[in-house]
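Asker: give me the fold of what follows.
(4 chains)
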2 protein chains.
Amino acid sequence: MTARRNSATGDRMTAICQGIRRAIIEGALLPGDRLPEDALGESFGVSRTIARHALGQLAAEGLVDLRRNRIATVAAPTPADARDIFDIRVALERQVVQHLAGNLTPDQVAELKDIVAQEHAARHGPDGASIRLATEFHIRLAQMTGKPILVRYVTEICYRAGLSLSSLARPHSSECAISEHLALIELIARGPADKAAQMMADHLEAVAARALLSGDRGRSRDLVNILQPYAKG
Amino acid sequence: MTARRNSATGDRMTAICQGIRRAIIEGALLPGDRLPEDALGESFGVSRTIARHALGQLAAEGLVDLRRNRIATVAAPTPADARDIFDIRVALERQVVQHLAGNLTPDQVAELKDIVAQEHAARHGPDGASIRLATEFHIRLAQMTGKPILVRYVTEICYRAGLSLSSLARPHSSECAISEHLALIELIARGPADKAAQMMADHLEAVAARALLSGDRGRSRDLVNILQPYAKG
DNA sequence: CATGACCAAAGTGCATACACTTCATGCCAC
DNA sequence: GTGGCATGAAGTGTATGCACTTTGGTCATG
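Answerer: Predicted coordinates for the structure are as follows:
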């Protein structure tokens, strides 16, 4: 029916991972939310085996907390974790920009601008969409380096950063990132590499700086309803 | 007997992962070597379920190649992959040194020197031991930052680097790293952070530079005998 | 001698079953 | 009431079984 993906192992597991990742990054799932294997399996129409395997992957990515004999939960990064995550993110995305500066094709510039346009369109919509698109911008940027391992790490750290933001940041704090993304595209396309890398670092620092408040939100939420939109992929 | 770690899920899976990681980093397992689930399970005395889960983790770390319906194999990094891995490694370990410079306790200095002493003692032993100890040096360094996420990434990238070296480097190429490690300790303990970070970067570049030859070694090897020493932990 | 179809062996994909652990609830002694 | 213990429900840990896929070899055929 739909296109077949076979990234690593079975693609049903990949689908679950993607679904949960999206739910996490959009803030639909919040740190501490429980992810029981059976409920997950039921949501996605697979057995516990696969749900369990998916949770293992997500735990390896740091998005899920997995303790023996305990129900898996969405990871709850501490402010210190968030700080570390952004430090690492700066280091990695600096590399992305270094490799990319001056080498973007017009097509790539257009694609990036398109993502920013979507960000602009979504800026008054649900908060999660903004974060997702902003994240997508950074991930696409990494993909354009054509370095698969760098892509992997940037992707992972971006998701972790998104999780950190969703728990620690106040709403709409990522809004002003749009103009910064536009400026980034320009500087990466034309400017000197060092300058572009520095701008990326500043941009990320700014995003991190805007999220200092530690806001707790509600607990004990309804997994089935939350995940329903993400089960279709 | 030894202290028990329950990092993520059951510790039997962790044991398998550790065993295979060690086997890989010491060069006992080479890129392309097959890792069938049953054989693995039998080697470590567990069922396929757990072996499979372990393979999933290792695949997430990039040490194992997992393709649908195919036997898992030890990952085979290309020279380009190796280059990317070392670039990322430099970026991450720079951060480690930045955080550590000037803050090492005497105990920590002593512990690091002890590892280097072990490296010295093992410099004429089996080639794998040298690489393992060198890797341990870098990982311990990262752990001393007390930043768990940084530790995670440094550890992972060190293992990937070790795998790259085991397939691409010529034997004993890591020998001269010993004196560099000693100098690093000194500079991290006393020197200015920037200088220490630069030295770390130079050190890693040197290690990478010493491994340019693409040497293919034998294929189709005996898994059971290879893994036997690693099954006990 | 090369080539392609077929077949069995080996291996993976996945679900299910069962033992064990954790957790929440209620009960009882105080 | 209140603290502590028993108990069952919920959930995880792991092994096993079966269907499907891949693979390598064999044999007939050109």
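Asker: so what pLDDT did the residue nearest to A:Leu29 when sequence neighbours are not counted get?
Answerer: Nearest non-adjacent residue to A:Leu29, counting by C-beta to C-beta, 6 or more residues apart in numbering or on different chains: A:Ala23, 4.4 Å away. Just so you know, the C-beta spots here come from the backbone N, C-alpha and C atoms, and that holds for glycine as well. On pLDDT, A:Ala23 comes in at 95.
Asker: got the residues of chain A near DNA strand D?
Answerer: By C-beta under 7 Å from any atom of the strand, the residues of chain A that approach DNA strand D are A:35-39, A:48-49, A:52, A:68-72.
Asker: now list the buried members of those residues.
Answerer: Among the residues of chain A next to DNA strand D, the ones that count as buried by 16 or more other C-beta atoms under 10 Å in any protein chain shown are A:35, A:37, A:39, A:52, A:72.
Asker: got the domain boundaries for chain A?
Answerer: Listed domain ranges for chain A are A:11-76+A:217-231, A:79-209 (source: automatic domain parsing).
Asker: out of those domains, flag the one nearest B:Gln143.
Answerer: Proximity to B:Gln143 (C-beta to C-beta) singles out domain A:79-209 among the domains of chain A, at 13.3 Å.
Asker: endpoints of that closest one, how far apart?
Answerer: Domain A:79-209 has an end-to-end distance of 12 Å (C-alpha to C-alpha, to the nearest Å).
Asker: average pLDDT across that domain?
Answerer: Per-residue pLDDT over domain A:79-209 has a mean of 92.
Asker: centre of the chain to it, how far?
Answerer: Relative to its chain's centre, domain A:79-209 lies at 10 Å (C-alpha atoms, centre = their mean, to the nearest Å).
Asker: quick one: is it near chain B?
Answerer: Yes: shown here: domain A:79-209 in contact with chain B (C-beta under 8 Å from any C-beta of the partner chain) through A:80-81, A:84-85, A:87-88, A:91-92, A:94-95, A:147-150, A:152-153, A:160.
Asker: which element is the residue nearest to A:Arg89 when sequence neighbours are not counted on?
Answerer: Distances taken as C-beta to C-beta, 6+ apart place A:Ile157 nearest to A:Arg89, at 4.7 Å, with adjacent residues excluded. Here A:Ile157 sits within helix A:148-168, counting by DSSP states H and E.
Asker: just checking, what packs against that helix?
Answerer: Applying 3 or more C-beta pairs under 8 Å, 6 or more residues apart in numbering or on different chains; DSSP states H and E, one finds that helix A:148-168 contacts helix A:11-25, helix A:79-100, helix A:127-143, helix B:79-100, helix B:148-168.
Asker: same list, those, but as a markdown table with mean neighbour count please.
Answerer: As requested, the helices and strands packed on helix A:148-168 are exported to a markdown table (neighbours: other C-beta atoms under 10 Å in any protein chain shown):
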| stretch | mean neighbour count |
| --- | --- |
| helix A:11-25 | 22 |
| helix A:79-100 | 21 |
| helix A:127-143 | 21 |
| helix B:79-100 | 21 |
| helix B:148-168 | 22 |
